[in-house]
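Q: Sharing a model prediction with you, sequence too.
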Amino acid sequence: SDSSITTTLSSRIFSWETRLEWIIQTISDADADVVCLQEVESYESYASDLLPAMQGHGYDGTVQGQYDVREIKRRAGKNERRHLVATFWKRKRFSPVNVTDSSGVEYAHMARGRTLTCVLQHVPDMSEGKEDSDTESTAASGPSLAVVNCHLEGHPRQYAARMRQLQHAMEDLSQRRTRGPDLNGLIIAGDFNCELQSSACSTYLRIGRVGRKGGLGG
């Protein structure tokens with residue numbers, strides 16, 4: 001019958017296997033050096049599906065909850081968020097850089113409940129006749145980039161919470177990252193859950209502060 005055909009087609013079209021194939025194909029077509037995903041269903045989905053698929057297209061990545069992530073503050077208890085954010089980068093373009101905090105602990109990435117921060121260092125193109133012996137020193141001197149992947153608070157009235165979530169990520173870069181390469185750039189990407197033209201978050205991102213000094217009159 002028509003209904004059974006429709007049900008069969010719907011189950012195929014909306015199956016996770018089909019959607020995953022479309023997602024990876026869309027990312028591959030975009031050919032971006034850095035990819036930031038939000039609402040990854042679970043760590044298991046990342047480890048068993050997303051990461052292997054992305055690695056097949058030349059990417060490495062990390063996600064909240066992975067072994068190489070320093071969990072600074074994650075929400076626990078009945079309000080614990082299931083969905084995660086994940087960041088990927090092209091292996092031929094970037095390599096993650098470990099940073100050291102004030103207590104001497106070294107880690108590659110920093111995670112909070114709503115953000116994941118990575119420090120990536122550019123990998124030079126070694127096809128330009130450089131000697132193999134210079135590879136390590138050349139890579140160590142490449143420019144570094146901080147990537148903040150965020151999925152901010154979604155409640156329309158929680159503008160202060162969204163701003164604090166961004167502030168905490170910036171503080172992690174400026175205070176917790178006490179040793180490591182100098183940063184040459186910063187990317188803040190993701191789902192901000194607010195208008196970036198007329199919100200507290202947009203003001204903070206533009207000028208680094210809010211309130212009366214930030215032009216919000218508060």
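A: Thanks, I have it.
Q: got the phi/psi numbers for the residue nearest in space to the middle of the chain?
A: Centre of the chain computed as the mean C-alpha position; nearest residue by C-alpha atoms, centre = their mean is Asn149, 3.1 Å away. For Asn149, the backbone dihedrals (degrees, to the nearest 10) come out as phi -100, psi 120.
Q: Quick check, it in contact with Arg114.
A: No. Asn149 is beyond contact range of Arg114, at 9.8 Å (criterion: C-beta atoms under 8 Å). Where C-beta positions appear, they are placed from N, C-alpha and C, glycine not excepted.
Q: Backbone dihedrals for Thr26, both of them.
A: Note on Thr26: backbone dihedrals following degrees, to the nearest 10 are phi -60, psi -40.
Q: Could you do Ala146 as well?
A: According to degrees, to the nearest 10, Ala146 has phi -100, psi 130.
Q: before we move on, what about Gly190?
A: phi 140, psi -150.
Q: ok, the residue nearest to the centre of the chain - contacts?
A: Contacts here follow C-beta atoms under 8 Å, 6 or more residues apart in numbering; on that basis Asn149 touches Cys36, Leu37, Gln38, Val85, Ala86, Thr87, Thr115, Leu116, Thr117, Cys118, Ala189, Gly190.
Q: give me that answer again for 10 Å
A: Taking C-beta atoms under 10 Å, 6 or more residues apart in numbering as the criterion, Asn149 is in contact with 34-38, 62-64, 84-88, 109, 111, 114-118, 169, 187-191.
Q: Just the buried ones from these, in PyMOL syntax?
A: Only the buried entries of those go into this PyMOL selection, using 16 or more other C-beta atoms under 10 Å:
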select buried, resi 34+35+36+37+38+62+63+64+84+85+86+87+88+109+111+114+115+116+117+118+169+188+189+190+191
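Q: check contacts around the closest residue to Tyr46 other than its chain neighbours.
A: Leaving out its chain neighbours, the residue that sits closest to Tyr46 by C-beta to C-beta, 6 or more residues apart in numbering is Val63, at 4.6 Å. Shown in contact with Val63 (C-beta under 10 Å, 6+ apart): 37, 40, 42-43, 45-47, 50-51, 69, 84-88, 109, 111, 116, 149.
Q: Spit out the residues that contact Asn149 and Arg114 alike.
A: Common neighbours of Asn149 and Arg114 (C-beta under 10 Å, 6+ apart) are Gln38, Gln64, Val85, Ala169, Gly190, Asp191.
Q: I figured Gly56 hits Ile24, correct?
A: Yes. Contact criterion C-beta atoms under 10 Å: Gly56 and Ile24 qualify, at 8.1 Å.
Q: Which of those two has more residues huddled nearby?
A: Between Gly56 and Ile24, counting by other C-beta atoms under 10 Å, Ile24 is the more crowded of the two (17 against 10).
Q: what mean pLDDT does the strand or helix carrying that one have?
A: Following DSSP states H and E, one finds Ile24 within helix 16-30. The pLDDT scores in helix 16-30 average 93.
Q: helix, strand or coil for Gln175?
A: Put simply, Gln175 is helix when judged by DSSP: H, G, I helix; E, B strand; the rest coil.
Q: those strands in the chain, which residues are they?
A: Using DSSP state E, the strands of the chain run over 34-40, 59-63, 69-73, 84-90, 94-96, 99-100, 106-107, 109-112, 115-122, 144-151, 183-191.
Q: Thank you, goodbye.
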